[in-house]
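Enquirer: okay, structure incoming, though there's no sequence with it:
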Ligand SMILES: O=P(O)(O)OC[C@H]1O[C@](O)(CO)[C@@H](O)[C@@H]1O
């Protein structure tokens, strides 16, 4: 079976074998604490068994709802932010056509999908209304808390548009709410209005929720195979839970990043060579940023899209402050083939590549860059993804989630809370005049 693998052989000049061995005890304790659910944040570990223990009845409802949306909608709006958005977008961009929304309907076969509620931009919302026009559309509103401002505002706007178009009763049949099973404003509205609802389990935090209805409904609407995605995640779980330390890639990734952190590497740059991985990096940034960036600790998760960013950020990575290490995401196999032709007159000087695949050029750029960055004292880690398919992506999601839990415990933080995100919310509510924030409002206005 092809599997997602982790290769840190290129860090030999930065990390000795002994250092890795010496981390074994700490890593195994961290893994035990995670799996046995005895550590901080242990009420948010539902994601560990999710790939093998999910609600099958709800899974069938997700597929049914996806089929309905595919049959009655030209456009699906996915409203959500952070963990209620990034996983679905990562999966759809990785698994489906690079130009999913613009390619012809005959090629795509499924509704166009737009993400909104992940900013407060008036321009973006207005422009999206233009894109929808008078076409049939549905909404998947996703918010675990049911109270997050950005998606709540987008939902008000697009619900109004939907109700104007179809009337309240018909619109209600086109709204799918993914939220807490009992609490929150969204659950309340859904019950009042009769929307179909899907559950974000209590014990699964937003950034770990891609394999719940949060990710699965939009992914299924896009035509990607969510059964295979879950199978991949289940095999990732098996590997993470039941492989001994020496061969355990997820645990090793946690170990290596903690060793590099202790050596002063404050930034991890996740690099990809496929544009379709861009949102996988965005998903990964939230996963690691919210999980580890606390108590004045943590590695800052950054990302680059290569080779594009080699022509911008490449200079800094090669030659700037030596604060970072790089983790490369490599998609090992490329299903498609573009072979370079030969021209009679070699005006552009590219005839030396005649007969070669563009993917060979891409992989050569990657290998050359890994060596150059290593020579520039940027330790290089490699995460290999066997293929651009659902099974591999499911494994990859699980690999990063599990490693994140182990890594957070090794760092000595609670990887499953995010107290820091509340500060901006409090200030924003105060400035907006939300009831209950009056005193804070006065204080803030004086400072502006
Ligand atoms: O699903 P919700 O509750 O709207 O939250 C969205 C995101 O906002 C955060 O709570 C941060 O404010 C993230 O942790 C979460 O993924």
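Expert: That came through, no problem. Small disclaimer: the values here were computed from a predicted structure and weren't measured. Numbers count the residues shown, from 1 in each chain.
Enquirer: what residue in the stretch 151-300 of the chain comes nearest to the ligand?
Expert: With CB to the nearest ligand atom as the measure, the residue in the stretch 151-300 of the chain that lies nearest the ligand is residue 206; the distance is 2.6 Å. For glycine as for every other residue, the C-beta is placed from the backbone atoms N, C-alpha and C.
Enquirer: give me the contacts around the strand or helix carrying residue 442.
Expert: Element membership of residue 442 [criterion: DSSP states H and E] is helix 438-447. In this structure, residues lying in contact with helix 438-447 by CB atoms under 8 Å, 6 or more residues apart in numbering are 426-427, 430-431, 433.
Enquirer: just the strands in the protein please.
Expert: Residue ranges of the strands in the chain, as given by DSSP state E, are 5-7, 75-79, 112-116, 137-142, 175-179, 196-199, 267-272, 300-305, 324-331, 380-385.
Enquirer: for the fifth one, give the mean pLDDT please.
Expert: Think strand 175-179. Looking at strand 175-179 alone, the average pLDDT works out to 98.
Enquirer: cool, the first one as well?
Expert: Averaged across strand 5-7, the pLDDT comes to 98.
Enquirer: packing partners for that strand?
Expert: In this structure, strand 5-7 makes packing contacts with helix 249-262, strand 380-385, judged by 3 or more CB pairs under 8 Å, 6 or more residues apart in numbering; DSSP states H and E.
Enquirer: of the ones you listed, flag the one that's most buried.
Expert: Comparing the helices and strands packed on strand 5-7 by mean neighbour count (mean count of other CB atoms under 10 Å), helix 249-262 comes out on top with a mean of 23.
Enquirer: tell me the angle that one makes with strand 267-272.
Expert: With axes from the mean of the first three to the mean of the last three CA atoms, to 10 degrees as the criterion, the two stretches helix 249-262 and strand 267-272 enclose an angle of 140 degrees.
Enquirer: chain center to helix 249-262, what's the gap?
Expert: Mean C-alpha position of helix 249-262 versus that of the full chain (CA atoms, centre = their mean, to the nearest Å) differs by 20 Å.
Enquirer: packing partners of that helix?
Expert: Using 3+ CB pairs under 8 Å, 6+ apart as the contact test, the elements touching helix 249-262 are strand 5-7, helix 17-22, helix 24-35, helix 226-242, strand 324-331, strand 380-385, helix 390-411.
Enquirer: out of these, which is closest to the ligand?
Expert: Closest approach to the ligand among these is made by helix 390-411 (13.5 Å; CB to the nearest ligand atom).
Enquirer: quick one: mean pLDDT over the closest one.
Expert: 98.
Enquirer: relative to strand 380-385, how tilted is it?
Expert: Helix 390-411 runs at 140 degrees relative to strand 380-385, counting by the same axes, to 10 degrees.
Enquirer: helix 390-411 versus helix 226-242: what angle between them?
Expert: Comparing the axes of helix 390-411 and helix 226-242 via the same axes, to 10 degrees yields an angle of 40 degrees.
Enquirer: what sits against the most centrally placed residue in the chain?
Expert: Within the chain, one residue has its C-alpha closest to the average C-alpha position: by CA atoms, centre = their mean, that is residue 283, at 2.2 Å. With contact set as CB under 8 Å, 6+ apart, residue 283 has these partners: 86-87, 89-90, 207, 210.
Enquirer: which pair of these spans the longest distance?
Expert: When the contacts of residue 283 are compared pair by pair using CB to CB, the two farthest from each other are 89 and 207, 13.4 Å apart.
Enquirer: those two: which has the busier surroundings?
Expert: More neighbours sit around residue 207 than around the other of residue 89 and residue 207, counting by other CB atoms under 10 Å; the figures are 27 against 23.
Enquirer: look up phi and psi at the closest residue in space to residue 96 that isn't next to it in sequence.
Expert: Using CB to CB, 6 or more residues apart in numbering and skipping residues adjacent in sequence, the residue nearest residue 96 is residue 222, 5.2 Å away. When quoted as degrees, to the nearest 10, the phi and psi of residue 222 stand at phi -70, psi -10.
Enquirer: count the residues that sit near residue 222.
Expert: 26.
Enquirer: look up how far residue 229 lies from it.
Expert: Counting by CB to CB, to the nearest Å, the separation of residue 222 from residue 229 is 11 Å.
Enquirer: next, show the common contact partners of those two.
Expert: Common neighbours of residue 222 and residue 229, counting by CB under 8 Å, 6+ apart, are residue 91.
Enquirer: got the residues of the stretch 51-200 of the chain near the ligand?
Expert: Applying CB under 6 Å from any ligand atom, we find that the stretch 51-200 of the chain lies next to the ligand at 81-84, 143-145, 148, 151.
Enquirer: and those, which two are furthest apart?
Expert: Within those, two members stand farthest from each other by CB to CB: 83 and 151, at 11.7 Å.
Enquirer: list the contacts for the residue of the stretch 301-448 of the chain found nearest the ligand?
Expert: The minimum distance from the stretch 301-448 of the chain to the ligand, using CB to the nearest ligand atom, falls at residue 421 (3.9 Å). By CB under 8 Å, 6+ apart, residue 421 lies in contact with residue 290.
Enquirer: ok, now the one 10 residues further on?
Expert: Residue 431 is in contact with 441, 444-445, counting by CB under 8 Å, 6+ apart.
Enquirer: any of these buried? List them.
Expert: In terms of neighbour count (16 or more other CB atoms under 10 Å), the buried residues within the contacts of residue 431 are residue 441.
Enquirer: got the contacts of residue 431 as a markdown table, with distance to residue 173 and pLDDT columns?
Expert: Putting these into a markdown table (distance: CB to CB, whole Å; pLDDT from 0 to 100) gives the following:
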| residue | distance to residue 173 | pLDDT |
| --- | --- | --- |
| 441 | 40 | 95 |
| 444 | 43 | 94 |
| 445 | 45 | 94 |
